[in-house]
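Engineer: model the structure of this input:
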Amino acid sequence: MKKVVIVEGKHDYARIKQIYPELPVLITNGSAVSQVFLEQVKKISKSHEIILLLDPDYPGERIRKIITNFCPDVSHAFVHLKDAISKNGKKVGVEHVNLEVLKKVLDNTTKADFHENLTIQDLYDLGLIGEKESRERRKKLCDSLNIGYVNGKQLARRLNLFNITLNQVKEVL
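Structural biologist: The predicted structure follows:
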């Protein structure tokens, strides 16, 4: 199946084209994802694998959530926040990721498939929510599983989206 990558802006687009010049890339043009764009993605997803490669920040996660809710059969590629920081340290984005890292990320996409494996209570029991060190534990877990960092509220949903079991989480921790 042919692939199509979705990014946030033209600089992200240019970065992808440096690695894969022939790969089709769609641009959301920021966080104002239109209904027309969503309909296009849904139509394209019938014949192509859609890969979301969005910035590891709040707007990127918001876009990922909007597109995934509308078209749940997408694949996800995540870049780590530390890899997406600009040289001056003031901006975050796919456009700042090293080309080798970006290639590896695109070559290792993850298909989402929602299953209710974990509950919020499981996250409390594991210390991923509600404790002083919870944020650091979540960061370690998300990095190890390559699912992109999310806050405590979204963690159960993200883990379930990728069909990650309680035992897998325990192994990482």
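
Engineer: give me the mean pLDDT for stretch 65-72.
Structural biologist: For stretch 65-72, mean pLDDT rounds to 91.

Engineer: residues in contact with it?
Structural biologist: Outside stretch 65-72, the residues within contact range by CB atoms under 8 Å, 6 or more residues apart in numbering are 6, 28, 33, 38, 41-42, 45, 50, 52, 74, 112, 114, 161. All C-beta spots, glycine's among them, are computed from the backbone N, C-alpha and C.

Engineer: what residues of it count as buried?
Structural biologist: For stretch 65-72, a neighbour-count test (16 or more other CB atoms under 10 Å) marks 66-68, 70-71 as buried.

Engineer: which secondary structure elements does the host helix or strand of Arg135 sit against?
Structural biologist: Element membership of Arg135 [criterion: DSSP states H and E] is helix 134-145. With contacts defined as 3 or more CB pairs under 8 Å, 6 or more residues apart in numbering; DSSP states H and E, the packing partners of helix 134-145 are helix 152-161, helix 166-172.

Engineer: pick the most buried one from those.
Structural biologist: Mean neighbour count (mean count of other CB atoms under 10 Å) peaks for helix 152-161 among these, with a mean of 19.

Engineer: got the contact list for the most centrally placed residue in the chain?
Structural biologist: When CA atoms, centre = their mean is applied to the chain, the residue found nearest the centroid is Phe78 (4.3 Å). Listed by CB under 8 Å, 6+ apart, the contact set of Phe78 reads 56, 105, 110, 146-148.

Engineer: tell me the pLDDT of it.
Structural biologist: pLDDT at Phe78 comes out at 90.

Engineer: ok, back up a step: now the two most distant members of the buried residues of stretch 65-72.
Structural biologist: Ile66 and Cys71 (9.6 Å; CB to CB).

Engineer: and the residue nearest to Asp57 when sequence neighbours are not counted, what are its bridge partners?
Structural biologist: Nearest residue to Asp57, sequence neighbours excluded (CB to CB, 6 or more residues apart in numbering): Val92, at 5.0 Å. Here Val92 sits in beta bridges with Ile85, going by DSSP bridges.

Engineer: give the contact list for Val92.
Structural biologist: Taking CB under 8 Å, 6+ apart as the test, what Val92 contacts is 55-57, 81, 84-86.

Engineer: swap in 6 Å and give it another go.
Structural biologist: 55, 57, 84-85 (CB atoms under 6 Å, 6 or more residues apart in numbering).
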